[in-house]
Structures are given as structure tokens and as C-alpha cells.
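**Student:** Whatever this is, show me its structure:
(2 chains)
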Protein chains: 2
Amino acid sequence: MSRAALLATLRGVVGHAHVLTHDDPACDLTAYEQDWRRRHRGRALAVVRPGCTAEVAAVVRACAQAGVAIVPQGGNTGLVVGGVPDASGQQVVLSLQRMNVIRSLDPANLTLTLEAGCVLHTAQQAAEAAGLWLPLSLAAEGSCTIGGNLATNAGGTQVLRFGNARDLCLGLEVVTAQGQVWRGLSGLRKDNTGYDLRHLFIGSEGTLGVITAATLKLFPRPVAQLTAWAAVPSMAAAVTLLGLAQRHLGADLTGFEVMGQFALSLVDRHFPALRVPLWQESPYCVLLENSAHDSEAHARARLEALLEAALADGCVSDAVVAESLAQARSLWHIRESIPLAQAEEGLNIKHDISLPVSRIPAFCADTDAQLAQTIPGVRLVNFGHLGDGNLHYNVQCPPGADSVDFLQTQEARINALVFDAVQRHGGSISAEHGIGSLKRDTLPRYKDPTALQLMRAIKQALDPQGIMNPGRVL
Amino acid sequence: MSRAALLATLRGVVGHAHVLTHDDPACDLTAYEQDWRRRHRGRALAVVRPGCTAEVAAVVRACAQAGVAIVPQGGNTGLVVGGVPDASGQQVVLSLQRMNVIRSLDPANLTLTLEAGCVLHTAQQAAEAAGLWLPLSLAAEGSCTIGGNLATNAGGTQVLRFGNARDLCLGLEVVTAQGQVWRGLSGLRKDNTGYDLRHLFIGSEGTLGVITAATLKLFPRPVAQLTAWAAVPSMAAAVTLLGLAQRHLGADLTGFEVMGQFALSLVDRHFPALRVPLWQESPYCVLLENSAHDSEAHARARLEALLEAALADGCVSDAVVAESLAQARSLWHIRESIPLAQAEEGLNIKHDISLPVSRIPAFCADTDAQLAQTIPGVRLVNFGHLGDGNLHYNVQCPPGADSVDFLQTQEARINALVFDAVQRHGGSISAEHGIGSLKRDTLPRYKDPTALQLMRAIKQALDPQGIMNPGRVL
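**Tutor:** The predicted structure follows:
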């Protein structure tokens, strides 16, 4: 099929208005062709915006017939260049943004069924309107979509209690690489009727098919959420505090974030109005959240009892408990401002790594020292979801150095140093961001070779033409 | 390779003592060849008992070279004839029972790494000895193994809070159908480096490879577990009570079982010493469990507040809270005695179904009526994990009828009636037991055809010779 014939077919499927090409000088495709962090600008053959599952299936069939590659795209907020076309001008971007219908909410079953293009924040609001809670929360929630969240198995700040995006998903509707529809939407908590296709598509970054809709778990809203901020004398003390908090609070511990002193100093420097507490005293601070279903008074008493035990143990040197919702929000706001503060400070080399929680103190001690020795004066913006073993272990150039030059000359070397250390400590080089094209060439160095073989066999079996998001993951 | 050559190779790998065949008149293979419910007696070419992962891999390679099928087997407690050989005398049973080493327990990471042949109860005890909790609990826990639990994605009584077996697993070690080892043991809570092979092998019932070891999540032990027993006026009231309990108790609600009046009457008749409470008053009773990390007094107050709210609402007509651990255990013992009581009453037609919780009242109303109309006098032993939407909806013959004859003449018809109703209400024909060979021929009638195609493509990709547990699932 010629390019023109394919475009005509696609226009027939989704309508003229929803096939965008460079032929139309009024069309600006930048938003579809450039990734969120602006590390890559591709060029699409066309951007196609289907409005329903049948249209997605017809688009995939047309592309399969033409042998044209498809790049599924949600909110285009990914961090590993997994959802934008390459530079060839030969790939079709399949944008799910028009598929944004909330299909149903079942309060007795605690489930929400919605289309892939729904923005996460919209889904959160739909749950809230029913008095319920969709506990998936991440920085991009105002523009990322449910389909993207699932395709990349998003993480965020609630993983400690509720798991990753995959753990919130009960069922999927998927268009396969052959353009068939798997109708796997299900509100079932138990279903042992064959291979778990749901978990195979979740996290496959659009390389096996297109997620068009999902059924997600909802939860009753807690009656109180209490937030505390604690200064800890070391990373080992932070791990001790985590264990203590898990024993005291059980599943009511819904957040446990660690922030290094340099990361907090950047927030203090660039956003002084945020008034970061306790950061000057300690190498690390921890943000804890206690969500309760009984009463705020009881939740506060439990959190205070935990902090008293931690002070007595010595794993906390000082702590504050937010007195109001506004105070709690401002503490979370400090945590969420770290990425902005480090951007203000200049470019840096980002890592999204995970480790067994028990290995984090040794990993940090080893790797901090190795980096300091390799690049004297180097600065670490180290923060993350300690409860999940997930660190954003970012490396900033020495004071006064040129950050652009630093990135160009040091990125490969620093990545190798950090990833080798991660591997020695039994960790993962991508905790929540995925592989995309950014880490595709790095993956084989760190992934078990049998796992890679199994992944390639699955890719070949489900997408023998290789048209689904080629060049990503594998 | 001849049969004799294969056996010689296998003996070379695992040692003479660990290759059992019918050639040795002293060998009784019944325990390996007959399934738990004695619905099937097969005949094995040999039973091979490797002692380590390398031996498993060598056994699989030898069988692959000989083109001989492998039936992986754990504790042989499965309910769908998935782990015993067929009658051909040509299949090798690969028993994992000798691989029962607990490799490590990491208290700071809350993980337990152990071999597939570990008995579940042994794993529970290892966690308990460290002051921690492995919240996987099912009737067969004294003899089922972790490998079998994962291969079949076992359910049980803690799913409401902790999910199925798959949700407790962070990493796997697997021998592939080619005899390669995937070293995927990991204590990571986040790892987005490619397709989720773990969830693909979990629940695949030995048809894609052999699970040889796993890393499981552990949890802090609660300080108190309170149990209540409530009479409810209808299944709809039980669903209302579930919602109320979820709002009051949040994640501390760790058990929610429903039991129909006839099921309880059988316990009362066959085990009168158990003294079933409240069963005569109501069509259903509910067993609730509240696990707390603060104090027993507070947990009791919360449970009592919940029951008061439920009495006021009318969804509960009467209730008792266990005053002691012994009382709590005896309430759970009643629940667990239902299968034994129904066995005392005679054979019956068992169903392990799941539905969206919201659909359960309508499903029961429809299906109860349809069965009563089809087979006058038929009796329903209806009980299960209502919090998970999972019912054991078992059909007992009319009083005085011959239960063997009933099973022979009515099973196919009743299965079709129940499964068709399950499908109409958006449910699954196998919630926690799996497919095995028992439901293999039934599956295509109820499973989405695209899902079946995807499953077949995956099977073909990972086991092109078709030697892994053939005739099961697909």
C-alpha cells in the first residue's frame, strides 16, 4: 500500500480532521513529535486520532497491511523517549487522547472502567465524586493518561501501600498488533482462566498492542491523612524508621519519601518561600503519610507515638507533624519541588533506580564515595520513594562547572558507574520510568540473558511484523 | 533417544534414588499419579526428583531432547487435575518436593526467598519466626508447595487485603522449556525493565516452564486480629455489609467470608460439636476479620462500631464478636469445615466462580431459581470469599437422591447452566483453582477468542515442542 493510499484509508476510518500530517501547513505536530524532556524530536508520517476502539483496530489493521510502524501515544509525558516517532517520517503516531470516556463506575465493586485517553487527574476526580479513591498519583497527573500509565506501569507516591499501576488494574481492552480486539475488561479480583495477558500488556510500552480501555480498582477514602517530616541522621536510620513505621502503622502508612540534604538545599535556594524544615540539621529528611479510616485524633496519636519511639531509638533526630491540611500540602509541595529546583540549578544526569530496601544504605555509601572520587566536587540530588526501594539518584556537576558540557562528557561514564553499582546490589536500572528508546541499548548489559530471550520470543509471537513501537524496549 | 537412554540420563542427573519407575516393584507411584480429589489416576513414565535448579534444568533438557512431556508437580493438592500425568505412561513427573530450602529472609526488605518445593506452612512459620507474616493461607497449606501456589496463582482467605499468590511474589527463578534458567529472583518492589515475565509464569500451571524458586513479600504481624460472625438477611445485605466494613476498617479488613444457610446446616448436622452460631435465623452468615497494628482494645471498638452501624442499617440482623483467640479460631474452623461437611453429605458438583461483587446478589437470585426449576429439590452449598467476589457455588442432589448417579447424569448440564449464568453476569468460571485438564475443554466456550489466540501464540513461542504439561489449560 502506498503512503497516499494508507493516509486515505486512515482518513476513511477516523475522519479527515483526525489525520494530521506535515502536508497541511496549518498543522503543528510538535506536541506529538517531541518528548516531554525535549531530548528527542522525531518526524511522523501522520498523527492519527481515533475516537473509539473499533477505529483503533481499523487503524492498526491498515498500518499492518501497509507494513507501517505505529507509535501509541497518551499524554506524551514519558521520560524515556518511548512515545514519540523516530526521525524517519515513516511512523504513524496513534494518539489515544480522543478516547477519554469514563465508561462506568461500580461503587459496590469498587471499580472504574474508562478509556485509555482519560487524563489521570480526571479519573481521580471521577473516583472522588463517588466518595472513593483512585490511589495513583504522580507529578504528571494533570496531563498523563490512564493508557500511558498502564503501558509504562507508572509508579508515583502511593506505591508503598497500593502498588504500581499494574496492581490497580483488574482488566484491559487491547487492540493487538493484528488489529483484533481482546475484550478483557473485567471487574474481577480473582480469575484463573489462563495466562495473565493483562500483566503482559501492562508495562510493555506499546510494543505488543494498544491498550484502549481499563478497569481500575478504587478504594474507600480515608477519613484522615496525617503527614510528618523527620530529620534522620543517616540513610541507615531512614531504613530503620521505615521498618518502625510499617510495624506501627501497617497498611495505614501510605507514603515514605526520603530527601537528601543537597536536594533540599536546592529547594531552599530556588524556592525560599517554601520554608523547608529541618534540612540543615541532617543528611536526610523523611516525609511520612498516615492514612486512617477511624478518626483524625487517633491517627495523630499513632503518628506521634511512632515518632516518639523513633526519637527514643535514635533513628529520628527531630520531627514535625503537620497541624493542618494546608501544612501537610506544603510539606508534600517541598518534596514535589525537588525536580524543579534541580532544573533551576542546571542540567543533571538522572537515574530512576530501585534496590532492595535493605541494600540502600550500602549502595549509597559505595556509590556516593565512588562518584566523589571519580569526579571531585560532584553533587548528588538523591531523593525518592524509599518505602519502595526507589531512588531518583541524580548527579549534578561540581559547583561552577558547565552543566551542558558535564552532561555531554560525563553521562555515559556516570551511568555505567551507577548502573554497575545498582547491579552489584541486586537492583534495577529502571524502577518506574521504563526503557523506551533511551535505555534500550543499556538494557542487555544488565538484564538476565534468558529474560531477554523470553521477551524477544514473546515480541515475535505477538507482533511478528514488528510494527508496534519498534525500537523501544527491545 | 530411547526410553531406556532417557532414564539413564535422568539417573545420571539426579541419582538413581530419585528416578522412580514402575519397573521397580517396590515403588508405589500412587501419590504422584493420582490427583487430590481422586478424579484421575494416570501412569507416569517416571517420577524424577531433582535436588537443585541445575538438576531441574538438566532434566528438562534431557526430556526436550527425547521429546518427552514433563508434568511439574508440587504438593499435588490441585483441584483441576493439572499436576498428574495422563494415562499414556509416556510423561515424566517432575516433582519439586526435594527443593525445599529457604534461601534467605531479609527483614528490612520484608522478603523471603525460597525454593519451589517448600511447603506453604513451613514458609509461614519461617516468616513467623522472624516476627513477620506471609499472608497466604488456604486449606491445603500443610502440604501444598510455594511452587504450586505460584504456578496456579492460589487464592485463599487473605486475598481481600493482600491479593492472590501473584500479588505476593516479587521475583522468580524459572527453568524454561528449553532447559535454560531465568534468574529473576528479585526483592524489588519496582522494576520496569521489560515485559513482566513473572506474572506470565505465575498462573500458567506449568505449561510454560518450571518455577524453581521465588521471592515473596512479607508483612509486619498485626498486634490483634478480631473476628466477628454476623447474620445477614440476604446476599444483597452481605454486599452492603462488605461496603460498610471497607469504609470503617480500610485495609484492616482482612477477611470477609459468606456462608449460606444450607452450607451451615451441614456443618451443624455433621459436626454438632462446632456449635454454629446464628445459622437458623438467616439465609446467610458472614465471617469478618479485623487485623490491627495499634491495639486490641481499639480494634475491638472499631469492629463493634461497625456492627452497630450495620445493625442500624439493617444489613445485619444479629452478630457476635469473638472474645478470645480460641473463640475466633473456632469461628474460622466452622467456615473451614464446610467442604468436609458437604463431603459427609455426599458427592456434589463444585464450582469455583468469581463475579463483580455488585453482581453477586442478582447472580444468586437468577441461578438459584434456575437450578430449583431445572432440578426440583436441588440443594446449594453456597459459600466463599465474598470480599473477592469468589463463590464456591456447589450443587448437591435433592434429599434422598443417589449422589453418584446425580454427578454422572447432571454434572455437564449443571455446569453449563452455572457457567452460562456466570458469563451473563461478567464473571469467571475459575476464580482460584485454575483450568488444568478438568476445565480445558470448557474454557474456549467462555474465554474471549482473541485472548485464547494470544495464549496459544505465547505457548507456541515459549514451548514450541509442546513438552511442558501438555493438555493442561490449552
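
**Student:** Surely A:Y446 and A:Q423 touch.
**Tutor:** Yes: between A:Y446 and A:Q423 there is a contact under C-beta atoms under 8 Å: 5.5 Å. Bear in mind the C-beta positions are built from the backbone N, C-alpha and C, glycine included.

**Student:** what is in contact with those two at once?
**Tutor:** Here A:Y446 and A:Q423 have A:I429 as joint contacts, going by C-beta atoms under 8 Å, 6 or more residues apart in numbering or on different chains.

**Student:** Direction included, what does the host helix or strand of A:L216 pair up with?
**Tutor:** A:L216 is part of strand A:209-217, with elements assigned from DSSP states H and E. Sheet pairing here is set by DSSP bridges, and for strand A:209-217 it gives strand A:111-115 (antiparallel), strand A:169-176 (antiparallel).

**Student:** Need those in TSV (columns: distance to B:A129 and mean pLDDT).
**Tutor:** Below are these laid out as TSV (distance: least, C-beta to C-beta, whole Å; pLDDT from 0 to 100):
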stretch	distance to B:A129	mean pLDDT
strand A:111-115	38	98
strand A:169-176	35	98
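
**Student:** Redo the ones you listed as a markdown table? Include distance to B:I202 and mean neighbour count.
**Tutor:** Compiled in a markdown table, these are given as follows (distance: least, C-beta to C-beta, whole Å; neighbours: other C-beta atoms under 10 Å in any protein chain shown):
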| stretch | distance to B:I202 | mean neighbour count |
| --- | --- | --- |
| strand A:111-115 | 22 | 24 |
| strand A:169-176 | 16 | 25 |
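
**Student:** could you dump those strands to a markdown table with distance to B:V357?
**Tutor:** What follows is those, written out as a markdown table (distance: least, C-beta to C-beta, whole Å):
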| stretch | distance to B:V357 |
| --- | --- |
| strand A:111-115 | 9 |
| strand A:169-176 | 12 |
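
**Student:** closest one to A:Q246 among those strands?
**Tutor:** strand A:169-176 (24.9 Å; C-beta to C-beta).

**Student:** coming back round to it: just give me how far the helix or strand following the strand holding A:L216 sits from the chain centre.
**Tutor:** Using DSSP H and E, the next helix or strand after strand A:209-217 towards the C-terminus is strand A:219-220. Strand A:219-220 has its average C-alpha position 22 Å from the chain's average C-alpha position, going by C-alpha atoms, centre = their mean, to the nearest Å.

**Student:** go on, stretch A:190-206?
**Tutor:** Here stretch A:190-206 shows a centroid-to-chain-centroid distance of 19 Å under the convention C-alpha atoms, centre = their mean.

**Student:** what about chain A, any weak spots by pLDDT?
**Tutor:** Filtered on pLDDT under 70, chain A yields no residues whatsoever.

**Student:** Spatially central, which residue of it would that be?
**Tutor:** A:A154 (3.6 Å; C-alpha atoms, centre = their mean).

**Student:** sec struct for that one, please.
**Tutor:** coil (DSSP: H, G, I helix; E, B strand; the rest coil).

**Student:** quick one: contacts for the nearest residue to it once chain neighbours are set aside?
**Tutor:** Nearest non-adjacent residue to A:A154, counting by C-beta to C-beta, 6 or more residues apart in numbering or on different chains: A:A165, 4.4 Å away. By C-beta under 8 Å, 6+ apart, A:A165 lies in contact with A:136, A:149-150, A:152-155, A:202.

**Student:** and what of A:E344?
**Tutor:** With the criterion set at C-beta under 8 Å, 6+ apart, A:E344 makes contact with A:266, A:270.

**Student:** quick check, it in a strand?
**Tutor:** No: secondary structure of A:E344 (three-state DSSP): helix, not part of a strand.

**Student:** For it, give its distance to B:R221.
**Tutor:** Noted for A:E344: a distance of 45 Å to B:R221, by C-beta to C-beta, to the nearest Å.

**Student:** got the phi/psi numbers for A:R189?
**Tutor:** phi -90, psi -10 (degrees, to the nearest 10).

**Student:** That one: neighbouring residues, count only.
**Tutor:** Neighbours of A:R189 under the rule other C-beta atoms under 10 Å in any protein chain shown: 26.

**Student:** pretty sure it is touching B:L355, no?
**Tutor:** No: A:R189 is not in contact with B:L355 according to C-beta under 8 Å; the separation is 10.0 Å.

**Student:** what's the overlap in contacts for the two?
**Tutor:** Residues touching both A:R189 and B:L355 (C-beta under 8 Å, 6+ apart): B:G389.

**Student:** sorry, back to before: among the contacts of A:A165, who's most crowded?
**Tutor:** A:N149 (32 neighbours).

**Student:** Am I right that that residue is in a helix?
**Tutor:** Yes: using three-state DSSP, the assignment for A:N149 is a helix.

**Student:** how close does the closest residue to it other than its chain neighbours sit to B:P135?
**Tutor:** Nearest residue to A:N149, sequence neighbours excluded (C-beta to C-beta, 6+ apart): A:A165, at 4.7 Å. A:A165 sits 23 Å away from B:P135, going by C-beta to C-beta.

**Student:** Please apply the same query to A:L150.
**Tutor:** As judged by C-beta to C-beta, A:L150 and B:P135 stand 26 Å apart.

**Student:** tell me what the host helix or strand of A:L311 is packed against?
**Tutor:** Here A:L311, judged by DSSP H and E, is contained in helix A:296-313. When contacts are defined as 3 or more C-beta pairs under 8 Å, 6 or more residues apart in numbering or on different chains; DSSP states H and E, helix A:296-313 packs onto strand A:224-232, helix A:235-249, strand A:284-292, strand A:318-321.

**Student:** tell me which residues in it are buried?
**Tutor:** A:298-300, A:302-303, A:306-307, A:309-310 (16 or more other C-beta atoms under 10 Å in any protein chain shown).

**Student:** Identify the residues contacting A:G250.
**Tutor:** Contacts of A:G250 (C-beta under 8 Å, 6+ apart): B:219-220, B:222, B:251-252, B:291-293.

**Student:** what's the burial count for the nearest residue in space to A:A310 that is not next to it in sequence?
**Tutor:** In space, and not counting its chain neighbours, A:A310 is closest to A:V316: 3.9 Å by C-beta to C-beta, 6+ apart. Residues within reach of A:V316, counting by other C-beta under 10 Å, total 27.

**Student:** so A:V316 sits right up against A:A231, yeah?
**Tutor:** Yes: counting by C-beta under 8 Å, A:A231 is a contact partner of A:V316 at 6.9 Å.

**Student:** What parts of the stretch 51-200 of chain A come near chain B?
**Tutor:** With C-beta under 8 Å from any C-beta of the partner chain as the criterion, the stretch 51-200 of chain A meets chain B at residues A:106-111, A:152-153, A:155, A:159, A:161, A:163-164, A:166-167, A:176, A:180-184, A:186-197, A:199-200.

**Student:** Which of those fall within helices?
**Tutor:** Members of these lying in helices (criterion: DSSP state H): A:159, A:161, A:197, A:199-200.
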